[in-house]
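Enquirer: what shape does this take:
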Amino acid sequence: MSEATILPRAERFLSVLRHCQNLGMTVEQADAKGLVLRLPYSDGIVGDPETGVVHGGAITTLMDTTCGISTVCVLPEFEICPTLDLRIDYMHPAEPGKAIYGFAECYRVTPNVIFTRGVAYQDDRANPIAHVVGAFMRMGKVTQAAALNKAINEGRA
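Expert: Coordinates of the predicted model:
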């Protein structure tokens, strides 16, 4: 796969995830080395109105999405890869009023599972808000997934 196709593929993937669109997430970088998504600060992601600290669920959503979409950076063709396992270790709260970035890379690809790791950060990747590791199940190419989706919608699966 060419480097030129990775970014558009990641942007298309993100564009169909309605909850990510509602949160205002954008793709900042996508290449064979990994993916960076941006989650802008907004009142909708605040967990503590008195301090303005971001809710951990918003960071979890950012990192699950970042790890999941990072699979398109390594696979030659798009595949459906749902989350099997996700572990997030929070280091410190995000600074209120600032965007949060999620970086993820795929460090091992097997015939059945893709293993990812990454960080959530604001100003410096070396000072992460959280560390993440995830495992994603490979379900096959889009054509197989489309057939499964059609079968589910028709009540045959």
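Enquirer: do you know how far residue 79 is from residue 95?
Expert: 36 Å (CB to CB, to the nearest Å). All C-beta atoms are positioned from the backbone trio N, CA, C, and that covers glycine.
Enquirer: do the same with residue 102
Expert: Remark: distance between residue 102 and residue 95 (CB to CB) = 15 Å.
Enquirer: and if you look at residue 105?
Expert: In terms of CB to CB, residue 105 sits 24 Å off from residue 95.
Enquirer: neighbour count winner among the two?
Expert: residue 105 (17 against 14; other CB atoms under 10 Å).
Enquirer: so what does whichever helix in the chain runs longest touch, helix or strand wise?
Expert: When the chain is parsed with DSSP state H, its longest helix is helix 56-70. Contacts defined by 3 or more CB pairs under 8 Å, 6 or more residues apart in numbering; DSSP states H and E place helix 56-70 against helix 3-15, helix 18-23, strand 34-39, strand 46-48, strand 83-90, strand 100-109, strand 113-121, strand 130-137.
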